[in-house]
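1. need a structure here:
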Amino acid sequence: MTFENLNVIAPILEALKIEGYTTPTPIQAQTIPLILDGKDVLGCAQTGTGKTAAFAVPIIQLLSQDRNQQGGKRVIRSLILTPTRELAIQIEESFENYGTKTNLKSMVIFGGVNQHSQVSQLRQGVDILIATPGRLLDLISQKYVHLNHLQFFVLDEADRMLDMGFLNDVKKIITKIPQKRQSLFFSATMPDPIVKLANTILVNPSKVEVTPVSSTANTINQAVYFVDKENKKHLLTEVLANKAIDRALVFTRTKHGADKVVKDLVKAGIKSQAIHGNKSQNARQRALSNFKSKETRVLVATDIAARGIDIDDLTHVINYELPNIPESYVHRIGRTGRAGADGIAIAFCDAEEKAYLKDIQKLIGKQIPVLENHNYPLVNHHVEKTPQRPQRSSRGGSQRNSSRRR
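-> Next up, the predicted model:
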């Protein structure tokens with residue numbers, strides 16, 4: 001199977017070749033023909049499966065072919081709605097890269113920064129808009145964004161929208177777009193609220209399900225170290241002493257924890273930066289850029305901030321703290337082993353996190369191999385109190401406290 005077999009046009013094929021794309025991933029192979037055929041799509045796919053290209057490539061193709069006939073001033077004809085700034089920026093970069101040989105113009109809008117430059121770009125005209133919900137609603141209310149010519153609507157990472165409290169914003173936005181449109185809906189998990197939302201957006205959708213959230217890619221080698229909480233910083237330094245690890249994405253549960261890990265690593269002489277919601281947009285983008293260019297060796301992230309991080313050839317993900325939501329583990333380690341490449345996922349588990357590890361192994365259906373040959377073995381094997389895990393609601397979703405961010 002090649003992209004030529006999917007009837008992708010020459011300008012996009014050329015751009016994909018420049019990006020190093022040769023063979024479509026399963027979700028691309030299934031989704032691209034459906035979108036080109038005008039179908040609504042309901043996609044269930046975890047991170048790292050290549051779903052951005054799965055919707056970006058056909059949208060670029062259809063819009064570029066349509067524009068050749070229409071001409072005239074640019075109007076927003078495609079809206080991609082996504083929960084985080086980082087993911088929005090990544091998606092816009094993808095549209096730019098895949099559409100570099102076309103005459104389309106894309107842009108991204110998000111909150112947390114002055115709106116002046118975004119408004120200026122909008123006034124110049126844009127074909128494809130990638131946005132986070134809060135800022136989009138702000139600019140719609142100020143009449144800077146007009147969606148009456150919209151042909152394509154993409155809701156990406158729908159489950160994360162739910163986690164972050166954006167569901168009501170999404171519903172408001174849906175009321176402001178034309179009923180006659182092609183809609184594409186992507187989510188890694190499908191709790192009841194997300195299924196109900198999909199039913200309000202899609203018309204007779206074609207369903208595409210690739211690598212469900214309960215599974216991890218076979219190309220990722222997983223391992224766990226049992227270690228006392230206070231020795232995790234020492235073990236991390238020991239692991240990173242391996243010079244073969246040129247970059248590592250490290251996960252913590254909290255923003256404070258991320259900052260503390262960076263402080264410990266910098267003290268040990270390891271170039272590190274943190275990325276989380278308390279960082280300014282410029283600081284987050286700078287940290288991400290430094291990590292991509294390998295100027296920074298370690299990027300320490302929280303789950304929400306990391307959603308959308310797409311790093312080519314990232315070999316190592318380290319769970320400094322295990323997530324209390326087992327699905328988050330799958331999303332975390334999906335940052336490596338992408339598109340068929342090999343990856344290594346290492347987890348640090350202290351006594352209080354054993355319950356989390358048990359839940360993770362139950363979800364993924366496999367035992368994670370234990371690495372015992374290290375200098376900081378777990379001493380406190382037992383804890384009196386089992387840590388609290390999020391309670392599942394009767395509708396199948398997780399009840400979590402999530403701060404709302406634009």
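2. Please identify the buried residues of the helix or strand hosting residue 12?
-> Assigning secondary structure by DSSP states H and E places residue 12 in helix 10-18. Residues 11-13, 15-16 are the ones in helix 10-18 that count as buried (16 or more other CB atoms under 10 Å). Yep, even glycine has a C-beta here, placed from its N, CA and C like the rest.
3. same deal with stretch 243-263?
-> Buried residues in stretch 243-263 (16+ other CB under 10 Å): 245, 247-253, 255, 257-262.
4. among the residues you listed, which are in strands?
-> 248-251 (DSSP state E).
5. Can you tell me which of those residues is nearest residue 223?
-> Nearest to residue 223 out of those is residue 248 (CB to CB; 13.6 Å).
6. who's in contact with the closest one?
-> Going by CB atoms under 8 Å, 6 or more residues apart in numbering, residue 248 touches 240, 297-299, 316-318.
7. ok, now how distant is it from residue 300?
-> Distance of residue 248 to residue 300, computed by CB to CB, to the nearest Å: 9 Å.
8. Find the residues that touch each one of these two.
-> Shared contacts of residue 248 and residue 300, defined by CB under 8 Å, 6+ apart, are absent.
9. follow-up on the earlier one: what two of the contacts of residue 248 are the furthest from one another?
-> Spatial extent of those (CB to CB) is set by the pair 297 and 317 at 13.9 Å.
10. Who has more neighbours out of those two?
-> The neighbour comparison of residue 297 against residue 317 (other CB atoms under 10 Å) goes to residue 317, with 25 against 17.
11. ok, now which ones touch the more buried one?
-> Residue 317 makes contact with 248-251, 332-333, 335-336, 343-346 under the criterion CB under 8 Å, 6+ apart.
12. which one of those residues sits closest to residue 122?
-> Of all these, the one with the least separation from residue 122 (CB to CB) is residue 335, at 32.0 Å.
13. Does that closest one touch residue 313 like I think?
-> No: applying CB atoms under 8 Å, one finds residue 335 not in contact with residue 313, separated by 11.4 Å.
14. Which residue of those two possesses the greater neighbour count?
-> Per other CB under 10 Å, whichever of residue 335 and residue 313 has more neighbours is residue 335, with 24 against 11.
15. Make sure the more buried one is indeed in a strand.
-> No: per DSSP: H, G, I helix; E, B strand; the rest coil, residue 335 lies outside any strand segment and is coil.
16. If I look at it, what pLDDT would I see?
-> Listed pLDDT for residue 335 reads 84.
17. One more: residue 64?
-> Predicted confidence (pLDDT) for residue 64: 93.
18. Now the element after the lowest-mean-pLDDT helix or strand in the chain, going C-ward?
-> Lowest by mean pLDDT, DSSP states H and E among the helices and strands of the chain is helix 303-306, with a mean of 68. Later in the chain than helix 303-306, the nearest helix or strand by DSSP H and E is strand 316-319.
19. chain center to that following strand: distance?
-> Centroid separation for strand 316-319 versus its chain: 16 Å, with CA atoms, centre = their mean, to the nearest Å.
20. ok, that strand: who's next to it in the sheet?
-> The partner list of strand 316-319 in its sheet, established with DSSP bridges, is strand 248-251 (parallel), strand 343-349 (parallel).
21. Extract the C-alpha trace of the longest one and format it as CSV.
-> When you say that, I think you mean strand 343-349. Extracted as CSV, the C-alpha positions of strand 343-349 are listed here (Å, rounded to 0.1, in the frame of the first residue of the first chain):
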residue,chain,number,x,y,z
GLY,A,343,10.9,2.7,21.4
ILE,A,344,11.7,2.2,25.1
ALA,A,345,9.2,3.0,27.9
ILE,A,346,10.6,2.9,31.5
ALA,A,347,8.4,3.2,34.6
PHE,A,348,9.5,4.0,38.2
CYS,A,349,7.1,2.4,40.7
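22. how does this protein divide into domains?
-> What automatic domain parsing lists as the domains of the chain is 4-210, 220-364.
23. State the three-state secondary structure for the closest residue to residue 36 other than its chain neighbours.
-> Spatial nearest neighbour of residue 36, chain neighbours left out: residue 58 (4.9 Å); criterion: CB to CB, 6 or more residues apart in numbering. Of the three states, residue 58 takes helix according to three-state DSSP.
24. Between the two ends of stretch 273-288, what distance do you get?
-> 9 Å (CA to CA, to the nearest Å).
25. what's the spacing between it and its chain's center?
-> In this view, stretch 273-288 has its centroid 16 Å away from the chain centroid, taken as CA atoms, centre = their mean.
26. How about residues contacting it?
-> Residues outside stretch 273-288 that contact it (CB under 8 Å, 6+ apart) are 85-86, 89, 110, 112-113, 255, 258-259, 261-262, 290-291, 296, 298-302, 304-306, 309, 403, 405.
27. could you redo the last one with a cut-off of 7 Å?
-> Outside stretch 273-288, the residues that touch it by CB atoms under 7 Å, 6 or more residues apart in numbering are 85-86, 112-113, 255, 258-259, 262, 290, 296, 299-302, 304-305, 309, 405.
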